[in-house]
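Engineer: Attaching a predicted model along with its sequence, questions to come.
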Protein chains: 2
Amino acid sequence: MIMNAKKVHYSRQREQIYGYLSGRDDHPTAEQVYIYMKKELPNLSLGTVYRNLKFLEDSGKLRRISTPQTAERYDWRCENHAHFVCRQCGRVMDLQNINPEAVGAAYGVTEKGRILFANVTVEGICEDCLEAEESNHTMTAHEAE
Amino acid sequence: MIMNAKKVHYSRQREQIYGYLSGRDDHPTAEQVYIYMKKELPNLSLGTVYRNLKFLEDSGKLRRISTPQTAERYDWRCENHAHFVCRQCGRVMDLQNINPEAVGAAYGVTEKGRILFANVTVEGICEDCLEAEESNHTMTAHEAE
DNA sequence: ATACCTGCAAATTATTTGCAATATA
DNA sequence: TATATTGCAAATAATTTGCAGGTAT
């Protein structure tokens, strides 16, 4: 049976949350969005942020990315693309686009299921953290393990 | 300065948790491990399960895998390999092994950071869920969106 | 004997949800 | 006016942690 599609009302909160996210390349968490937006909308609530992030995700305007860290991050670039995550500082950087079917083929998806998306996240230590670590070592000598 | 390495004591809990995980190919969550282990060790506590999973992960005997679902899953296969996750039933299946450097190269890691690991997860609907969905459709006619 | 580990319960963290009030269509 | 959306606070879910007692070395 036809589900009566609920009509979407405009909301300034939703607009601004999307506006904040779009264009940036640093994949903020819900909390980060909240803290920033609070400056412009002082009585914004965290629940509203979560609700709108989910709404925007469901309507295909945002993508949620799960990293080995706890909190989810949000990305306005919706084409399927890879990420690099620094294990030290947690930064998430964009890499190239991905063809999910191709990834499935490359890594041996054998069954006849439907492929919708491929999550490719390269983990490591970013250049900056690596440098910081090195200069740290030269100063304090060797650490044991 | 040399950190006095703490010596590891044997514990039956740790042994059995690892024993339970190793060999299986369905990637249980901490809760699932707990529920099962409880049968053999009736006064096992969930905290102990978490502590040991983390211990085993840190000592390189288990790998933790983050899927789009909430709870973390644990995998005794530690070589870097890809997974297929069904968005419907949540099942996680093993795919082929991965060379993290190769993935980095393939998707354009440009900076000189260190590459440690690559997370490749193909998302989709598995064969079983697809069939269930289809037989459902033939019975109940079309759904609108 | 010492230090690691456990069970238990309370604490944290991330996210979701019920509800009355408010804004949009 | 009807209903989507909000703010607030309470509720969940997943995981972590402090502590007192138990266990391995």
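Structural biologist: Thanks, I have it.

Engineer: in chain A, what residue is nearest DNA strand C?
Structural biologist: Proximity to DNA strand C, evaluated over chain A using C-beta to the nearest atom of the strand, is greatest for A:Gly47 at 2.8 Å. (C-beta placed from N, C-alpha, C; glycine too.)

Engineer: what about that residue, distance to A:Tyr34?
Structural biologist: Distance of A:Gly47 to A:Tyr34, given as C-beta to C-beta, to the nearest Å: 10 Å.

Engineer: Over to A:Gln96?
Structural biologist: 31 Å.

Engineer: Looking at those two, which is more packed in?
Structural biologist: Of the pair A:Gln96 and A:Tyr34, A:Tyr34 is the one with more neighbours under other C-beta atoms under 10 Å in any protein chain shown, namely 20 against 11.

Engineer: Can you tell me the SS state at that one?
Structural biologist: Using DSSP: H, G, I helix; E, B strand; the rest coil, the secondary structure recorded for A:Tyr34 is helix.

Engineer: try the one 4 residues further on
Structural biologist: Secondary structure assignment for A:Lys38 (three-state DSSP): helix.

Engineer: show me what contacts it?
Structural biologist: A:Leu44 (C-beta atoms under 8 Å, 6 or more residues apart in numbering or on different chains).

Engineer: And for A:Lys61?
Structural biologist: When the contact criterion is C-beta under 8 Å, 6+ apart, the partners of A:Lys61 are A:Tyr18, A:Trp76, A:Cys78.

Engineer: Do I have it right that the second one meets A:Gly60?
Structural biologist: No - the pair A:Trp76 and A:Gly60 fails to qualify as a contact (C-beta atoms under 8 Å) at a distance of 11.1 Å.

Engineer: Compare those two (neighbour count), which wins?
Structural biologist: Remark: of A:Trp76 and A:Gly60, A:Trp76 carries more neighbours, 17 against 8, as counted by other C-beta under 10 Å.

Engineer: which stretches of chain A form strands?
Structural biologist: Taking DSSP state E, the strands of chain A run over residues A:63-65, A:73-75, A:81-86, A:92-97, A:114-125.

Engineer: Can you spell out which helices and strands pack onto the last one?
Structural biologist: Yep, that's strand A:114-125 we're talking about. Under the contact definition 3 or more C-beta pairs under 8 Å, 6 or more residues apart in numbering or on different chains; DSSP states H and E, strand A:114-125 sits against strand A:81-86, helix A:100-106, helix B:100-106, strand B:114-125.

Engineer: Kindly report the same for the third one.
Structural biologist: The contact analysis (3+ C-beta pairs under 8 Å, 6+ apart) places strand A:81-86 against strand A:92-97, strand A:114-125.

Engineer: got the angle for the shortest one vs strand A:81-86?
Structural biologist: Spelled out, it's strand A:92-97. Angle, strand A:92-97 to strand A:81-86, by axes from the mean of the first three to the mean of the last three C-alpha atoms, to 10 degrees: 150 degrees.

Engineer: Get me the contact residues on chain A for DNA strand D.
Structural biologist: For chain A, the contact set with DNA strand D under C-beta under 7 Å from any atom of the strand comprises A:6-9, A:11, A:13-14, A:41, A:43-48, A:51-52, A:55.

Engineer: Which among the residues you listed count as buried?
Structural biologist: For those, a neighbour count by 16 or more other C-beta atoms under 10 Å in any protein chain shown gives the buried set as A:Gln13, A:Arg14, A:Leu44, A:Thr48, A:Asn52, A:Phe55.

Engineer: mind saving the C-alpha coords of stretch A:17-28 as PDB?
Structural biologist: Written as PDB, here are the backbone C-alpha positions of stretch A:17-28 (Å, rounded to 0.1, in the frame of the first residue of the first chain):
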ATOM      1  CA  ILE A  17      23.800  22.200   9.600                       C
ATOM      2  CA  TYR A  18      24.000  21.200   6.000                       C
ATOM      3  CA  GLY A  19      25.600  24.600   5.100                       C
ATOM      4  CA  TYR A  20      28.200  24.100   7.700                       C
ATOM      5  CA  LEU A  21      29.200  20.600   6.600                       C
ATOM      6  CA  SER A  22      29.100  21.200   2.800                       C
ATOM      7  CA  GLY A  23      32.400  22.300   1.400                       C
ATOM      8  CA  ARG A  24      34.500  21.300   4.300                       C
ATOM      9  CA  ASP A  25      37.000  18.400   4.000                       C
ATOM     10  CA  ASP A  26      37.500  17.600   7.600                       C
ATOM     11  CA  HIS A  27      34.600  15.200   8.400                       C
ATOM     12  CA  PRO A  28      33.300  16.500  11.800                       C
END
